[in-house]
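A.B. asks: what shape does this take:
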Amino acid sequence: MRPQDTLHAASSAPASTPRCTRWVRTVPRGAVTTYGDLARALGSGSVARHVGWALAALPHGSDVPWWRVVAAAGVLPRAGSAAARRHAQRLRADGVMVVRGRVAEFALRRFPLLP
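C.D. replies: Numbers count the residues shown, from 1 in each chain. The predicted model follows:
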């Protein structure tokens with residue numbers, strides 16, 4: 001079993017997909033949060049990687065705004081890849097400027113997630 005498969009098996013896990021997506025939906029258009037911020041909102045800063053797995057497991061066409069979650073310091077994951085280009089396109093459509101794989105003015109765009 002892959003680690004990301006265990007997310008679906010235990011809905012009470014800190015980064016379970018339903019809990020994770022509820023938090024992601026709170027991030028408004030034009031703002032971003034980080035995998036670590038989301039993990040802390042879920043109750044454990046040590047599950048940031050699980051947050052990434054939960055978002056990666058979303059079905060194609062999901063209405064969850066996964067693109068509003070970025071790596072620490074506003075870095076887009078998988079820099080230079082087609083996935084990073086899609087991530088940047090979605091952020092730009094939300095009004096977020098992305099420069100060289102990073103969210104411009106990250107500190108101003110960062111949305112605080114409070115449990």
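A.B. asks: helices along this structure, start to end?
C.D. replies: If you assign secondary structure with DSSP state H, the helices in the chain sit at 3-9, 17-24, 35-41, 48-56, 82-93, 106-109.
A.B. asks: residues in contact with the fifth one?
C.D. replies: What that stands for is helix 82-93. Outside of helix 82-93, the residues within contact range by Cβ atoms under 8 Å, 6 or more residues apart in numbering are 32, 65, 67-68, 70, 76-78, 98, 101, 103. C-beta here means a position set from N, CA and C on the backbone, and glycine is covered the same way.
A.B. asks: tell me the contacts of the most centrally placed residue in the chain?
C.D. replies: The residue at the geometric middle of the chain, judged as the C-alpha nearest the mean C-alpha position with Cα atoms, centre = their mean, is residue 69 (2.6 Å). Contact analysis of residue 69 by Cβ under 8 Å, 6+ apart lists 24, 27, 32-35, 38, 51, 55.
A.B. asks: just the buried ones from those residues, in PyMOL syntax?
C.D. replies: The following PyMOL command selects only the buried members of the contacts of residue 69, with burial defined by 16 or more other Cβ atoms under 10 Å:
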select buried, resi 24+27+32+33+34+35+38+51+55
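A.B. asks: ok, the contacts of residue 69 vs residue 112, which is closest?
C.D. replies: Distances from residue 112 to the contacts of residue 69, taken as Cβ to Cβ, are shortest for residue 33 (8.0 Å).
A.B. asks: and the closest one, what does it touch?
C.D. replies: Residues in contact with residue 33, defined by Cβ under 8 Å, 6+ apart, are 24, 27, 68-70, 110-113.
A.B. asks: correct me, but residue 67 touches residue 94?
C.D. replies: Yes - at 7.3 Å, residue 67 and residue 94 qualify as touching, with contact defined as Cβ atoms under 8 Å.
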